[in-house]
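> build the 3D model from these lines:
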Amino acid sequence: MPVLLPPVEGGVLHERSPVAGSPADAAQAAQVLRGVVRRLEEMIGHTVQASGSLNAMRAVSIRNLQARLDSRVVSGARAFTRSVTAGAQAFGRYASEIEEIHTAAHAVVTRVESELAVIVAASRRLEAACEGLGVGSRCVPERWNAPPSVFPPADPGESVFAGAETVDPAVAARGTAKRAARAQAEAEWASAVRIWLGAVERVCAEQRLWRALVEDRRNAEHALVNALDRTDIGELIRFSGGPVPASMFQTDISGTSRPRSLADDPNMRRILSGGLSETEVAAAWKAIRESARYGKSEVQNLPLDVLAVLARTNGIPAWVQDIAGRAVLDHALTDPASAYELMYGSPPGDPLALTEFMRHVEGLNEALVDADRRIGKDLPAGTRIQLVNLGTHDGALTAGISLGNLDRASHVGVNYAGMNSSVGLSE
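Now for the predicted structure:
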C-alpha cells in the first residue's frame, strides 16, 4: 500500500502559513507615504516662502499671521513629515522582511515536497524488498513520518533448519540461491529505511524552520504595528477606529509601546516558569481572570508550546486544560514527530518510540471521540467532555477524560483504566 501523504501546507507543515498577503501591498503603502512626504515638503517650502514675503510688512495682524505660520503651520507640518517618513520606513522594512519570509517559506515547501518524494520512492523499494523477503507489503508503514525498523521482517514460512546442509545437490543449490536473494533483499531493505529515516529527519528540520518563519512573521507584524503606534499615523488609525486599537498596547515607563497578549502577562509567565505549586498556579490564574482582559479566544490563540505546558499544569481550570489538550492532541495526530518533541523535549531517537507514541495518541483520540458519541445516549444531553492533564509520565503519554464539567462539579469520581476497565467502560 502506498504511503499516505497529507498536504504539505496545513498537513506536514501544520502551523499557519507565514505566507499571507503580498509584500507589494506594504511596498505600495510605503510608496504612498513617501509621496505624502514629498507633498508636505512642498507645502512647507511654499509656507516658508509666503512667510518670508511678509517680512517687509509691519502691521500687527501681518506679524501675528507670520508668527502663526512659523510656529504652528511650519513646525506642525515638519513634525508630521517626520512622522510620515517614519511610517514609510516602517512599511518599507516590513515589505522587505515579508518578502524574505515568503521566499524562505516557498523554499521550505519545495524542499519538503522533494523529501516526501524521496520517502515515496523508499517505500516502493521496501515493497520490492518485501517480495524478496517473502513477506507481504503490509510491513511497509502507511505514514510518511513513521519509518519501519532497519531490521527487516522475518519470513513467517522460513524454517529454522533452512540453512542446514543437505545431501541433495539440487536442494542445496536452491537453498544457497534463496539465502543469497534474501541477503540482497535485506540489504535493500536496510538501505531504503536509512533513506526514509534521513528524509524524515530533514523534514523535521524544515518543520522547525517553518515554525521559526511563522514567528518571524508575527514579530514583523508586531514591529510594524509598534512603529506606527509611535507616530501620528498610529494616532490617526486609533482615532478612526481602525485595526490598531489602543487596547492592544501598554506603555512602559520608557514610553515605548508593546503588544499586550496573554502569553506576555506576568502571571502567565510565572505559571509557565514551572516553579509554582498547584495553589500558586490557581492564584496566578485567578489574577489573570480578574484582570478581565483575556477569555477563551485568547487561550485558543496561544502558541502551541504554551498550550502544551497549560495542558499538563495542575491548578489550571479544566476548561483551559481542555482547550490546550485538544490543540496538542490535534497537532499530534497531524504531526506526531513534532508533537513528540514538544511533549518530551527532544526528537524521538528511535522510530519505535515514535510508533508507540502514535499508538497512544490514536488510542486517546478514539477514547475522546467515543466519549463525545455517548452524549445523548449513555450521558445526558449537554454533558461537557473535557480532556485534562495531557502530558507524559515515565515515558508514557498520560491524560484524563472528564465526563462532565470539572470546573462546576460538586462531586468527582475517578476511574483508572486497568486490566478490567477503561474510559470506554466508565459509568
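
> can you give me the strands for this protein?
Secondary structure of the chain (DSSP state E): strands located at 249-251, 257-259, 385-393, 396-403.

> those strands: which one's closest to V37?
Nearest to V37 among those is strand 257-259 (23.0 Å), distances taken as CB to CB. To be clear about C-beta, it is placed using only N, CA and C from the backbone, and glycine gets the same treatment.

> what's the average pLDDT for that closest one?
Taken as a whole, strand 257-259 has a mean pLDDT of 39.

> what of stretch 304-315?
When the per-residue pLDDT values of stretch 304-315 are averaged, the result is 92.

> could I get the strands of the chain as TSV with mean neighbour count and distance to W196?
Converted to TSV, those look like this (neighbours: other CB atoms under 10 Å; distance: least, CB to CB, whole Å):
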stretch	mean neighbour count	distance to W196
strand 249-251	13	49
strand 257-259	16	42
strand 385-393	19	26
strand 396-403	18	24
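
> can I get the ones you listed in TSV with distance to L342?
Converted to TSV, the strands of the chain look like this (distance: least, CB to CB, whole Å):
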stretch	distance to L342
strand 249-251	30
strand 257-259	24
strand 385-393	11
strand 396-403	12
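
> which one of those strands lies nearest to A212?
Comparing these against A212 with CB to CB, the closest turns out to be strand 257-259 (19.1 Å).

> what about the stretch 101-250 of the chain, any weak spots by pLDDT?
Counting by pLDDT under 70, the low-confidence segments of the stretch 101-250 of the chain come to 137, 155-167, 230, 232-250.

> quick one on the thing from earlier: and the strands of the chain: which comes nearest E278?
With CB to CB as the measure, strand 385-393 is the member of the strands of the chain nearest E278 (11.6 Å).

> what's the spacing between the closest one and its chain's center?
20 Å (CA atoms, centre = their mean, to the nearest Å).

> so which of the strands of the chain gets nearest V150?
Proximity of the strands of the chain to V150 was assessed by CB to CB; the nearest stretch is strand 396-403, lying at 24.4 Å.

> need the residues that contact that closest one.
Contacting residues not belonging to strand 396-403 are listed as 318, 325, 343, 357, 360-361, 364, 367-368, 371, 374, 379, 383-392, 423, 426 [CB atoms under 8 Å, 6 or more residues apart in numbering].

> recalculate using a threshold of 6 Å.
For strand 396-403, contacts defined as CB atoms under 6 Å, 6 or more residues apart in numbering pick out H360, L364, A371, Q386, V388, N389, L390, G391, V423.

> which one of the residues you listed is nearest to A180?
Comparing every one of the contacts of strand 396-403 with A180 (CB to CB), the shortest separation belongs to H360, at 40.8 Å.

> in space, what's closest to the closest one - neighbours in sequence excluded?
Using CB to CB, 6 or more residues apart in numbering and skipping the chain neighbours, the partner closest in space to H360 is L397 (4.0 Å).

> returning to that earlier point: for the strands of the chain, which one sits closest to A172?
For the strands of the chain, the distance to A172 is smallest for strand 396-403, at 49.8 Å, taking CB to CB.

> report the mean confidence score over the closest one.
Computed over strand 396-403, the mean pLDDT rounds to 88.

> just want the angle from that strand to strand 385-393.
When axes from the mean of the first three to the mean of the last three CA atoms, to 10 degrees is applied, the directions of strand 396-403 and strand 385-393 differ by 160 degrees.
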